[in-house]
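Trainee: The sequence isn't on hand, but the structure is:
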């Protein structure tokens, strides 16, 4: 049987995706009741970080611990990858020693090459092209608050980045419409948009994207590695802040998400971020923990 990896949402079927979401919700409830035992006893997750992160490290490490397993944190300084060892060789060696590998890196091609030579499941914890683990948490959060996303309208406001690409995949997997608002020059991958033209619309007008939306989401205007462009991007994204005025164009019971960390008063107003009648960002952040536990359980059972 071939090893199952999770490099994009498309590595799952729609049914498998919802199975993981349902299990994440169940595991969250069980955790609050005292845990689910130690199904990961003697299991080890290797966490390779070429890009740093708070939520990713804590959620994966805590998740393994809660289920009886352990996690190894490996930065670029801690591995031979950082000294030029071929990715293929690192994959062959590490996957003989651990049960799962999680990688947070830059080029998506790196994680694809690693997975090709790995004997164990490889999880994409973020690349420049996709961030599928965050989408698991986001979908779980919507289901918890509003039910199935099928047939809903989602508005993405901001850069057509890795999060936006994963939302495009999610639109197809969960059968919702996706309106993307971004300035010229910051469009998502054109091929990906074309593949999903039946449900994805790109506009320069954020209000057009948000109009009648059930779910509105944004991200920072300058992602990790783009800090030098911060001031220039602030000017280019003027008018793209998600705030109460923007949310007024959405459906009355629409909710707001942000993968965090947020830059208050840039891509999102501080008062919207803190408005718990609309903003579900803290549940969304917590759900990284439970969605990833369900994902790891699924991959280890394949």
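Mentor: Perfect, I can see it now. Bear in mind the structure is a predicted one, so any value in this text is a computation, not a measurement. Numbering: from 1, shown residues only.
Trainee: Nearest the geometric middle of the protein, what residue?
Mentor: Centroid-nearest residue in the chain, with Cα atoms, centre = their mean: residue 134, separated by 1.9 Å.
Trainee: who's in contact with that one?
Mentor: 126, 163, 166, 259, 288 (Cβ atoms under 8 Å, 6 or more residues apart in numbering). Heads up, the C-betas are built off the backbone N, CA and C, glycines and all.
Trainee: Surely it is within a strand?
Mentor: No - using DSSP: H, G, I helix; E, B strand; the rest coil, the assignment for residue 134 is helix, not a strand.
Trainee: Can you tell me how far it is from residue 126?
Mentor: 8 Å (Cβ to Cβ, to the nearest Å).
Trainee: how about stretch 47-62: buried residues?
Mentor: Residues 47-51, 53, 55-57, 59-61 are the ones in stretch 47-62 that count as buried (16 or more other Cβ atoms under 10 Å).
Trainee: cool, and stretch 117-126?
Mentor: 117-118, 120-126.
Trainee: Can you find the helix or strand of this protein with the lowest average pLDDT?
Mentor: When each helix and strand of the chain is scored by mean pLDDT, DSSP states H and E, helix 230-236 comes last, with a mean of 88.
Trainee: average pLDDT across stretch 102-110?
Mentor: Stretch 102-110 shows a mean pLDDT of 95 in the predicted model.
Trainee: Please measure how far the first residue of that stretch sits from its last one.
Mentor: 12 Å (Cα to Cα, to the nearest Å).
Trainee: And for stretch 266-273?
Mentor: First-to-last residue span, stretch 266-273, Cα to Cα: 11 Å.
Trainee: quick one: average pLDDT of that stretch?
Mentor: Per-residue pLDDT over stretch 266-273 has a mean of 98.
Trainee: again, but for stretch 4-11
Mentor: pLDDT averaged over stretch 4-11 gives 98.
Trainee: Pull out the buried residues from that stretch.
Mentor: Buried-residue list, stretch 4-11, by 16+ other Cβ under 10 Å: 4-9, 11.
Trainee: How about stretch 211-228?
Mentor: Buried residues in stretch 211-228, counting neighbours by 16+ other Cβ under 10 Å, are found at 213-223.
Trainee: I'd like those residues as a markdown table, with pLDDT, distance to residue 266 and secondary structure appended.
Mentor: Formatted as a markdown table, the buried residues of stretch 211-228 follow (pLDDT from 0 to 100; distance: Cβ to Cβ, whole Å; DSSP: H, G, I helix; E, B strand; the rest coil):
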| residue | pLDDT | distance to residue 266 | secondary structure |
| --- | --- | --- | --- |
| 213 | 98 | 21 | coil |
| 214 | 98 | 24 | coil |
| 215 | 98 | 21 | strand |
| 216 | 98 | 16 | strand |
| 217 | 98 | 15 | strand |
| 218 | 98 | 10 | strand |
| 219 | 97 | 11 | coil |
| 220 | 95 | 7 | coil |
| 221 | 92 | 6 | coil |
| 222 | 79 | 9 | coil |
| 223 | 73 | 13 | coil |
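Trainee: which of those residues sit farthest apart?
Mentor: By the measure Cβ to Cβ, 214 and 222 form the most distant pair in the buried residues of stretch 211-228, at 27.9 Å.
Trainee: show me where the stretch 201-302 of the chain has helices.
Mentor: 206-210, 230-236, 244-247, 270-273, 281-301 (DSSP state H, counting those that start in this stretch).
Trainee: And those helices, which one averages the lowest pLDDT?
Mentor: Among these, helix 230-236 scores lowest, at a mean of 88.
Trainee: elements contacting that helix?
Mentor: Judged by 3 or more Cβ pairs under 8 Å, 6 or more residues apart in numbering; DSSP states H and E, helix 230-236 is in contact with no other helix or strand.
Trainee: who touches it?
Mentor: 159, 183, 185-186, 221-222, 226, 266.
Trainee: Next: stretch 280-287.
Mentor: Contact with stretch 280-287 is made by 24, 28, 55, 136-138, 140-141, 144-145, 255-260, 262, 273, 276, as judged by Cβ under 8 Å, 6+ apart.
Trainee: Could you list the low-pLDDT ranges of the stretch 1-150 of the chain?
Mentor: Across the stretch 1-150 of the chain, the ranges flagged by pLDDT under 70 are 1, 80-83.
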